[in-house]
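Using only what follows, build the 3D model:
(2 chains)
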Amino acid sequence: MSSTSQKHRDFVAEPMGEKPVGSLAGIGDVLGKKLADKGFDKAYVVLGQFLVLKKDEELFREWLKDTCGANAKQSRDCSGCLREWCDAFL
Amino acid sequence: MERYRGLTDTELIAMLQRYGIAHGPVVGSTRKLYERKICEYESQRTKLSSPGGAGGYSDPGTTETYIRESYSYPRHEERRRYGADDSSPTTTYTRELYDFPRREGRTGYLGDDMDTESYEESSSSSSSWLYGAAPGPLGEATARQPIGEAASYTPSRSEETERDGISYQRVCQARPAPPPMRVEPRRAIHPLPRGGPGGAAGGGSRRFLPLWLQLLLFGVLAAFLVYVYCALQGGADDNPFALHHEE
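You can find the predicted model right below:
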């Protein structure tokens, strides 16, 4: 539990609804803006991409790196966050 | 990687399935990722098989020529044996490796076994790896029919292929495979002690011998030392070896 950030815990605690993409763990202002420019303005759109990749975290991390230039830690945080959310709510 | 751009989504999916790579739908955002995955898989595969088969490729610096040359090598063998004209290097290559289990059952079929002998050793390690990674196509002999070799294959052969393939698959699945898709849980190198060998009587700590046995051995050792001491003391006046030397 202590290895996850507050942002992660907040995100995983409830259904994401219309939360913006910046609410995902690992996605800050800079990455959030880059993703929004590409059309991924809401968290559920990024979730959609994660699901289309059949919840393959490694592929998702690659995609994230290609799309917004996330580094290893950021992409790891984001994929972990989405995976846990899916485990809880999907 | 550019060679995959021309493929349709369906063809790309067919390739992914043939290699046994787990994949999702190929849509706009995922296409590039899967192209890259196929590329990595093929370069990995050629790297693994070529060290034995193609002798002198020590440094795969120029991957382009390296891959091309590795592909031409199995194609030669393939043509000589089957006489089939198949242009796609990947399919002939995989078929080459599929031959491996079949050889065990039907040695009479292939024209020159000499060639397969040398190639077999090189592909044995990679074929097991390949089978570990691609269980799907192995069991389906029918998948090869559309490639255009239906004439040279008899129905009984395909059945035997399936049988050999499946038995080989079972054997191979017993061995953990290196490709990243399939990750098997690692077993601990040191299995956890189940109460210690021989049973630990004292306080749950691990002992090689039980406590009572250890004390017994200690007593025996002490008694032996006492005996030796007495024997020495007894022979203090005389030669200590008098007991043993009776001349």
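
contacting residues for residue B:217?
residue B:209 (Cβ atoms under 8 Å, 6 or more residues apart in numbering or on different chains). For every residue, glycine as well, the C-beta is placed using N, CA and C.

tell me which element it falls in.
Residue B:217 is located in helix B:211-234, with elements delineated by DSSP states H and E.

swap in residue A:26?
Per DSSP H and E, there is no helix or strand for residue A:26.

Now it. Its backbone dihedrals?
phi 90, psi -20 (degrees, to the nearest 10).

Can you tell me the closest non-neighbouring residue to the closest residue to chain B within chain A?
Residue nearest to chain B within chain A (Cβ to the nearest Cβ): residue A:54, separated by 3.9 Å. The shortest distance from residue A:54 to any residue other than its chain neighbours is 3.9 Å, reached at residue B:24 (Cβ to Cβ, 6 or more residues apart in numbering or on different chains).

what does chain B put close to chain A?
Applying Cβ under 8 Å from any Cβ of the partner chain, we find that chain B lies next to chain A at B:22-25, B:27, B:29-30, B:32-33, B:36-37, B:180.

ok, which pair from those residues is furthest apart?
Spatial extent of the residues of chain B next to chain A (Cβ to Cβ) is set by the pair B:27 and B:180 at 22.6 Å.

Give the buried residues for the longest helix anywhere in chain B.
With DSSP state H setting the assignment, residue counts place helix B:28-53 as the longest helix in chain B. Residues B:29-35, B:37-39, B:41-42, B:44-50, B:52-53 are the ones in helix B:28-53 that count as buried (16 or more other Cβ atoms under 10 Å in any protein chain shown).

Equivalent analysis for stretch A:54-67, please.
Buried-residue list, stretch A:54-67, by 16+ other Cβ under 10 Å: A:55-57, A:59-64, A:67.

ok and the residue in chain B nearest chain A?
Taking Cβ to the nearest Cβ, chain B has residue B:24 as its residue nearest chain A, at 3.9 Å.

so which strand or helix has that residue?
With DSSP H and E as the test, residue B:24 turns up in no helix or strand.

pretty sure it contacts residue A:52?
Yes: using Cβ atoms under 8 Å, residue B:24 is in contact with residue A:52, at 5.5 Å.

Now for the two: what residues contact both?
Common contact partners of residue B:24 and residue A:52 (Cβ under 8 Å, 6+ apart): residue B:30.

tell me which element the residue positioned nearest the centre of chain A is part of?
In chain A, the residue lying closest to the centroid (Cα atoms, centre = their mean) is residue A:78, at 3.8 Å. Under the criterion of DSSP H and E, residue A:78 resides in helix A:72-89.
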